[in-house]
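# turn this into a model:
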Amino acid sequence: MKIVSPETLARFREPGLCELCGEFVCFPDPHHVFARGRGDAFRNDLSLNLLLLCRPCHAAAESGNPSRKQCLAIIAEREGLDVEQLELILKIMRNA
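Below is the predicted model:
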């Protein structure tokens, strides 16, 4: 399933606080926890798969620091979910 949502991506490109370092970011880089367009059929432009990051934190996240599990923990807290719940939702969506 591919979910392409320009509206959701736009929301993660608005100025705000980096979800990793907490610094204010004028031009954030949305980070897809599960990659989009790298052979993964699940494109996932969903808030459950996105982090609002500054460029240095985005580069670090792309290199695996923080780990995917740590990114999911940040999203789960933001969305009021347990990490296990978030993982289950994303697994169901990837298999839909």
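
# in terms of pLDDT, where does residue 2 sit?
Looking at residue 2, its pLDDT stands at 72.

# got a pLDDT number for residue 11?
The model's pLDDT for residue 11 equals 93.

# whoops, residue 37 was the one
So, for residue 37, pLDDT stands at 58.

# please, where are all the strands along the protein?
16-17, 24-25, 29-32, 50-53 (DSSP state E).

# for residue 47, see how far away residue 86 is.
11 Å (C-beta to C-beta, to the nearest Å). For glycine as for every other residue, the C-beta is placed from the backbone atoms N, C-alpha and C.

# so who does the closest residue in space to residue 89 that isn't next to it in sequence touch?
Spatial nearest neighbour of residue 89, chain neighbours left out: residue 48 (6.2 Å); criterion: C-beta to C-beta, 6 or more residues apart in numbering. Counting by C-beta atoms under 8 Å, 6 or more residues apart in numbering, residue 48 touches 75, 79, 86, 89-90.

# what are the buried residues along the helix or strand of the chain with the lowest mean pLDDT?
Every helix and strand in the chain was compared by mean pLDDT, DSSP states H and E; the lowest is helix 83-95, with a mean of 87. Buried residues in helix 83-95, defined by neighbour count with 16 or more other C-beta atoms under 10 Å: 86, 89-90, 93.

# what residues does it touch?
1, 3, 34, 41-42, 44, 46, 48-49, 69, 72-73, 75-76, 79, 81.
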